[in-house]
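Chemist: What would the 3D arrangement of this be:
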Amino acid sequence: MKRTVLILLLALGVLPAGQALAQSNVGLHGIGASLAFVSPEDLDGTVGLGVFADLGFVTPQIGLEPHIEYWSTSERAYGAEVSMRDVALGCRGKYYFEVANTKMRPFAGAGLGLHFLKAEASVTVPGYPTMSDEASDTQFGIDLGGGLATPLGPKDDLHFELWYGVVSDVSQLALRVGISHKLGL
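Modeler: Numbering: from 1, shown residues only. Coordinates of the predicted model:
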């Protein structure tokens, strides 16, 4: 009896998953690049660069986008120099809202990522050797954001996005502009 109930529950759980997979369209559909203004917590704003891929849709409204992003900043004061950089590797899900104007595709999204952080500091005091130190850390991060995608042509899209990355000690806000190119049309 227990085995029959277990098989019935498994069958009921697999049926909706099969329908969702039938509606999915996962694969490499496009590639893109982005330029961002990044404002890390407690640091001056800086420029960030990124690349991303369009992996299609896991449901009719949810797109999947892996990305690699980089930013670096340095500050100098009173003989001391501090620099910080972040290389983020992650994936975001974007929920595209249905709108009457099909050329504008607004979305809200969330994602997960690994942030490879490195900080370096050096202090120069006249008459003494320069002292320096560095530290590296890998942190888990959560991205929350949204934006808008609009076509530039039959194979190219323009993206405007705002993301907030929650990362221990280095949370960051990024205003991003990107261009993507569809593959295989």
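Chemist: Mind picking out the helix or strand in the protein with the poorest mean pLDDT?
Modeler: helix 2-23 (a mean of 48; mean pLDDT, DSSP states H and E).
Chemist: moving C-terminal of the longest strand seen in the chain, what's the next helix or strand?
Modeler: For the chain, the longest strand by residue count, based on DSSP state E, is strand 131-151. With elements assigned by DSSP states H and E, the helix or strand that comes after strand 131-151 is strand 156-167.
Chemist: CA atoms of the helix or strand just after that next one as CSV?
Modeler: The first helix or strand that comes after strand 156-167 along the chain, using DSSP H and E, is strand 172-182. Below are the C-alpha coordinates for strand 172-182, written out as CSV (Å, rounded to 0.1, in the frame of the first residue of the first chain):
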residue,chain,number,x,y,z
GLN,A,172,26.7,46.8,-4.5
LEU,A,173,24.2,48.7,-6.6
ALA,A,174,24.8,48.6,-10.4
LEU,A,175,23.1,50.5,-13.2
ARG,A,176,23.8,48.5,-16.3
VAL,A,177,23.4,49.1,-20.1
GLY,A,178,24.0,46.1,-22.4
ILE,A,179,23.6,44.9,-25.9
SER,A,180,22.8,41.3,-26.8
HIS,A,181,23.0,39.4,-30.1
LYS,A,182,20.6,36.5,-30.8
